[in-house]
Structure formats: structure tokens, C-alpha cells
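Undergrad: 3D, please:
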Amino acid sequence: MFFNDWSSVVRVIVVGALAYVGLVLLLRTSGKRTLSKMNAFDLIVTVALGSTLATVLLSRDVALIDGITAFALLIGLQYLITWSSVRWPYVEKLVKAEPSLLFFEGKFLEGTLHQQRVTHAEIHAAIRAQGVPRLEDVAAVVLETDSSISVVKKANGDALTSLAGIEHTEARSGSI
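TA: Residues are numbered from 1 along each chain as shown. Now for the predicted structure:
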């Protein structure tokens, strides 16, 4: 239960070190975007890479080369999807969620909050985390494509250009 034999320990060390080196090399050659967390699709790839690494480390049934091939496949597919989404907007729409406006000009956008399953308490927590003391100092709160919450502070009458392209129905018609 606590110890089988030394060969299993040595296998974990050797295969683990080689799998780690293989994964790092593949990640370095594929670029920074591979492990970004810009959207849910990116999170899935990151979790799949971790799960694959764990399987290679702990399962005697999975050879090292099989694990490295799985890493290469996941990283290659991630590269292909991100490369395609930069070139073709319909691919981007397919794999990326749109940001959602949750709070705008002093008002909670209840329909969007309900649709996105976000509470007032979560909005208040995000505002506090940004060090903003009053709701009146907040221009907007946005649920981003990676599920993080962004707080946009008021800008002394200047246009909120960072909100360009965010669709909303409750704040005003159209997009900001």
C-alpha cells in the first residue's frame, strides 16, 4: 500500500523527468499563447496537458513516447485553433465566449447577471479586490472571456474605449 518496490519509484523519477523536459521543450517551441488563459478552451488544453503528464508519470501502461506524442497532439491542436481564430472570425466565435457587461453606469444589469450566474456579492468582491471604495467610482464591470471579472473605473468624463465591442441589451441598445 505504501511501497511496492524501488523499480516503480525509479520509473516515476526517470519518466517524470523526461516527460517534463519533453513538455517544456514543446511548450517553448509552441509559444506563449499555448498556456494562456484567455478563454475556456485554453483552460481545457492546460488541464488536459496536466492530466496527460500525470498519466504518463503514474501509469505503467503508458510509454513515455506515447505521452510526449499526446503532448504534441494537444499543443498542435491548440496552435491550430488559435492560429485559425486569428485568421478567420467564425473560428474565433466558435471557440471564444463574448465578454459580458454586468454593471454599467451605476446599475447592475440583472438580466446579464442572471444569465451568467453572477451574484451582486461577487461583483462587490471584484470591486473591493481592485481597491475601489465606492460603487459610484465604477464605470463598468465586465465578465471576461476567461471568466475573470474586470472593473473599469470612471474616467472623468472620458469615453470608455476599453468597452468597445461589448454587446449589451440592458445598459443601452447596441454596443458601447
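Undergrad: residue 32: neighbour count?
TA: By the measure other C-beta atoms under 10 Å, the count of residues near residue 32 is 8. All C-beta atoms are positioned from the backbone trio N, CA, C, and that covers glycine.
Undergrad: just give the nearest non-adjacent residue to the residue nearest to the spatial centre of the chain, would you?
TA: When C-alpha atoms, centre = their mean is applied to the chain, the residue found nearest the centroid is residue 37 (2.9 Å). Counting by C-beta to C-beta, 6 or more residues apart in numbering, residue 146 is the residue found nearest to residue 37 once chain neighbours are left out, at 5.0 Å.
Undergrad: sorry, back to before: I'd assumed residue 47 was in contact with the residue nearest to the centre of the chain.
TA: No: in this structure, residue 37 is not within contact of residue 47 by C-beta atoms under 8 Å, at 10.9 Å.
Undergrad: right, and the helix or strand after the helix or strand bottoming out on mean pLDDT in the chain?
TA: The weakest-scoring helix or strand in the chain, judged by mean pLDDT, DSSP states H and E, is helix 89-95 (a mean of 86). Where DSSP states H and E defines the elements, the next helix or strand beyond helix 89-95 is strand 100-104.
Undergrad: CA atoms only: put stretch 147-167 into PDB for me.
TA: Taking Å, rounded to 0.1, in the frame of the first residue of the first chain, the C-alpha atoms of stretch 147-167 are listed here in PDB:
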ATOM      1  CA  SER A 147     -14.300  34.100 -16.600                       C
ATOM      2  CA  SER A 148     -12.300  36.700 -14.700                       C
ATOM      3  CA  ILE A 149     -14.100  39.900 -13.700                       C
ATOM      4  CA  SER A 150     -12.700  43.300 -14.800                       C
ATOM      5  CA  VAL A 151     -13.600  46.500 -13.000                       C
ATOM      6  CA  VAL A 152     -13.400  49.700 -15.100                       C
ATOM      7  CA  LYS A 153     -13.100  52.800 -13.000                       C
ATOM      8  CA  LYS A 154     -14.700  56.100 -14.000                       C
ATOM      9  CA  ALA A 155     -12.500  58.200 -16.200                       C
ATOM     10  CA  ASN A 156     -13.600  61.900 -15.500                       C
ATOM     11  CA  GLY A 157     -16.000  62.200 -18.400                       C
ATOM     12  CA  ASP A 158     -13.700  60.500 -21.000                       C
ATOM     13  CA  ALA A 159     -15.100  57.800 -23.300                       C
ATOM     14  CA  LEU A 160     -14.900  54.300 -22.100                       C
ATOM     15  CA  THR A 161     -13.000  53.000 -25.100                       C
ATOM     16  CA  SER A 162     -11.900  49.800 -23.400                       C
ATOM     17  CA  LEU A 163     -15.600  48.700 -23.500                       C
ATOM     18  CA  ALA A 164     -15.700  48.900 -27.300                       C
ATOM     19  CA  GLY A 165     -17.400  45.900 -28.900                       C
ATOM     20  CA  ILE A 166     -19.000  44.600 -25.700                       C
ATOM     21  CA  GLU A 167     -22.600  43.800 -26.600                       C
END
